[in-house]
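Q: the following block contains a protein sequence and its predicted model.
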Amino acid sequence: MQSRNLPAGLQKDLSASLRVTVKEKKVERTFAKPWKKPMPSPDDDIAPMYEGLKKHEFRLCHCKKCGAWYWPATDCMKHDSEPYLGNMEWAKASGKGKVFTFNVHYRAFHPGFVDELPYVYAMIELDEGPMITSNIIGCDPKEVKVGMPVEVVFQDINDQFTLPMFRPAQ
Ligand SMILES: [Zn+2]
């Protein structure tokens, strides 16, 4: 692709940046330290999301009929549905959103959180629409603002589970 407004050297770079290369992503899961916080206990309805997280893929519940996104799993509310979850699938989502609201915890309500004080617990409005709660990591809690763009980062906690955390969008 050529852009008339750019010098010749930059046109080449722009062309390269627009090329899309799809490669099979190999996920390396690393466990930085023993997990001291409560473990997830997913039921069958949400298990596919956790399977995706282990592959470092952020999945949301997606309506095959109209394209609407949901989290957690539910029937689509925009039309009549098949038997429970019949229209729905777990599909890869962007993992991007913005901080809808948050609070900063200065006190641990479980001993597993002591080392992380202060930490940010936030409600994130995902680009696809659903809200999800998680932690904002990778920045000073004082830098977190309502409306701040964030993106998912995968925290491997053991060989069974990976959790979706969010950091400032890069
Ligand atoms: Zn639908």
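A: Structure's in. What do you need?
Q: number of nearby residues for Gly95?
A: By other C-beta atoms under 10 Å, the residues close to Gly95 number 21. The C-beta positions use only the backbone N, C-alpha and C, and glycine is treated the same way.
Q: give me the neighbour count for the residue nearest to Asn87 when sequence neighbours are not counted.
A: In this structure, Asn87 finds its nearest non-sequential neighbour in Lys65, 4.7 Å apart by C-beta to C-beta, 6 or more residues apart in numbering. As a burial measure, Lys65 scores 14 neighbours (other C-beta under 10 Å).
Q: now do the one 4 residues further on
A: By other C-beta under 10 Å, 17 other residues sit near Trp69.
Q: go on, Val114?
A: Neighbour tally, Val114, other C-beta under 10 Å: 10.
Q: next secondary structure after the lowest-mean-pLDDT helix or strand in the chain?
A: Every helix and strand in the chain was compared by mean pLDDT, DSSP states H and E; the lowest is helix 8-18, with a mean of 40. Per DSSP states H and E, helix 8-18 leads on to helix 47-54 as the next helix or strand towards the C-terminus.
Q: how about residues contacting the helix or strand following that next one?
A: The helix or strand immediately downstream of helix 47-54 is strand 59-63, counting by DSSP H and E. Strand 59-63 is contacted by residues 48-49, 52-53, 68-74, 76, 78, 87-93, 126, 128, 130 when judged by C-beta atoms under 8 Å, 6 or more residues apart in numbering.
Q: near the ion, list only the ones from those residues.
A: Ala68, Cys76, Lys78 (C-beta under 5 Å from the ion).
Q: what is the nearest of those to the ion?
A: Cys76 (3.1 Å; C-beta to the ion).
Q: contact partners for the closest one?
A: Cys63, Lys65, Cys66, Ala68, Tyr70, Asn87, Met88.
Q: residues from the chain in reach of the ion?
A: Cys63, Lys65, Cys66, Ala68, Cys76, Lys78.
Q: go with 8 Å
A: Cys63, Lys64, Lys65, Cys66, Gly67, Ala68, Cys76, Met77, Lys78, His79, Ser81, Asn87 (C-beta under 8 Å from the ion).
Q: can you list the domains in this structure?
A: Here the domain parsing of the chain from automatic domain parsing is 42-93, 94-170.
Q: cool, thanks, talk later.
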